[in-house]
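Asker: All I have is the shape, not the residue letters:
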């Protein structure tokens with residue numbers, strides 16, 4: 001069973017646009033789990049333009065499934081947050097300051113020394129560590145050498161190419177997943193996966209453990225309702 005982790009950043013974006021606490025990030029985390037989500041993902045950024053660092057501490061007691069915190073470990077505040085809250089998983093993402101959304105994976109060769117140190121620190125605190133990478137066998141091998149437990153495949157390229165040629169779109173991800181399996185790495189995936197392209201991805205990626213979906217899922221919930229939307233996404237993962 002492939003797990004669905006719901007990224008609730010967009011809930012915080014709506015809240016922040018008006019001030020106050022509506023919609024409540026805490027209630028969103030509770031309801032997503034109640035409606036069937038296998039995990040909750042948050043991705044705090046230094047400017048706190050959506051999820052705030054305080055949000056993470058406040059929703060922590062409500063997590064009954066799996067908690068995944070994504071972010072750039074070059075920000076000391078992020079490291080401190082992860083070590084304080086000790087989520088089930090930390091996903092390392094090489095975001096630049098002011099970046100609208102994640103748009104590339106780590107160069108695990110250039111940054112091998114740094115990643116090795118930061119991964120060792122998180123793993124010594126019993127936090128499973130995943131590295132956000134493009135579907136490139138060299139980058140996956142670098143993640144293995146740095147000590148990662150898992151990779152998260154950055155799937156924007158797949159999503160962009162899906163409608164034109166889904167067979168070609170999935171090909172590099174199949175190759176990347178096969179290489180990750182040979183390396184002994186668990187496989188997560190995320191970015192622009194949605195109700196149109198998710199099932200095909202899940203059908204073709206062997207050993208896929210988890211997808212993290214936020215923007216598309218929360219957008220769909222505006223039309224279908226949150227509970228129904230989560231169940232629609234979970235059905236796409238029944239392969």
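Answerer: Okay, I see it. The structure displayed is predicted, hence computed values, not measured ones. Numbers count the residues shown, from 1 in each chain.

Asker: Strands along this protein, start to end?
Answerer: Counting by DSSP state E, the chain has strands at residues 3-7, 39-42, 67-71, 89-92, 128-133, 150-154, 186-190, 208-213.

Asker: how distant is the second one from the center of its chain?
Answerer: Just to be clear, that refers to strand 39-42. Remark: strand 39-42 is offset 8 Å from the chain centroid, using CA atoms, centre = their mean, to the nearest Å.

Asker: go on, the fifth one?
Answerer: Using CA atoms, centre = their mean, we find the averaged C-alpha position of strand 128-133 to lie 9 Å away from the chain's own average C-alpha position.

Asker: which of the strands of the chain sits most buried?
Answerer: Ranked by mean neighbour count, the strands of the chain are led by strand 89-92 with a mean of 28 (mean count of other CB atoms under 10 Å). The C-beta positions use only the backbone N, C-alpha and C, and glycine is treated the same way.

Asker: Can you tell me what sits against it?
Answerer: For strand 89-92, contacts defined as CB atoms under 8 Å, 6 or more residues apart in numbering pick out 41, 66-73, 82, 106, 115, 118-119, 122, 127-132, 150, 152, 188, 212.

Asker: Direction included, what does it pair against?
Answerer: strand 67-71 (parallel), strand 128-133 (parallel) (DSSP bridges).

Asker: tell me the angle the shortest one makes with strand 3-7.
Answerer: Spelled out, it's strand 67-71. Counting by axes from the mean of the first three to the mean of the last three CA atoms, to 10 degrees, strand 67-71 points 50 degrees away from the direction of strand 3-7.

Asker: I'd like the distance from strand 67-71 to the chain centre, please.
Answerer: Computed by CA atoms, centre = their mean, the chain-centroid distance of strand 67-71 equals 7 Å.

Asker: and if you look at stretch 224-238?
Answerer: 17 Å.

Asker: At the geometric centre of this structure, which residue do we find?
Answerer: Centroid-nearest residue in the chain: residue 212, 4.2 Å away (criterion: CA atoms, centre = their mean).

Asker: For the residue lying farthest from the centre of the chain, give its distance to residue 14.
Answerer: No residue in the chain sits farther from the centre than residue 20, which is 26.6 Å out by CA atoms, centre = their mean. According to CB to CB, to the nearest Å, residue 20 and residue 14 sit 11 Å apart.

Asker: Check residue 123 too.
Answerer: From residue 123 to residue 14 the distance is 35 Å (CB to CB).

Asker: Likewise for residue 200?
Answerer: On the measure of CB to CB, residue 200 and residue 14 end up 30 Å apart.

Asker: more crowded one of these two?
Answerer: residue 200 (17 against 14; other CB atoms under 10 Å).

Asker: For the helix ranked longest in the chain, buried residues please.
Answerer: Longest helix of the chain, by residue count under DSSP state H: helix 166-182. Neighbour counts over helix 166-182 (16 or more other CB atoms under 10 Å) mark 166, 169, 170, 172, 173, 176, 177, 178, 179, 180 as buried.

Asker: my guess is residue 78 contacts residue 71, does it?
Answerer: Yes - Residue 78 is in contact with residue 71 according to CB atoms under 8 Å; the separation is 4.5 Å.

Asker: Overlap of the contact sets of those two?
Answerer: By CB under 8 Å, 6+ apart, residue 78 and residue 71 have these common neighbours: residue 44.

Asker: Show me the shaky parts of this structure.
Answerer: 96-103 (pLDDT under 70).

Asker: can you give me the helices in it?
Answerer: Counting by DSSP H, the helices of the chain are 9-18, 25-34, 53-59, 76-85, 112-124, 137-146, 156-161, 166-182, 198-204, 215-224, 226-236.
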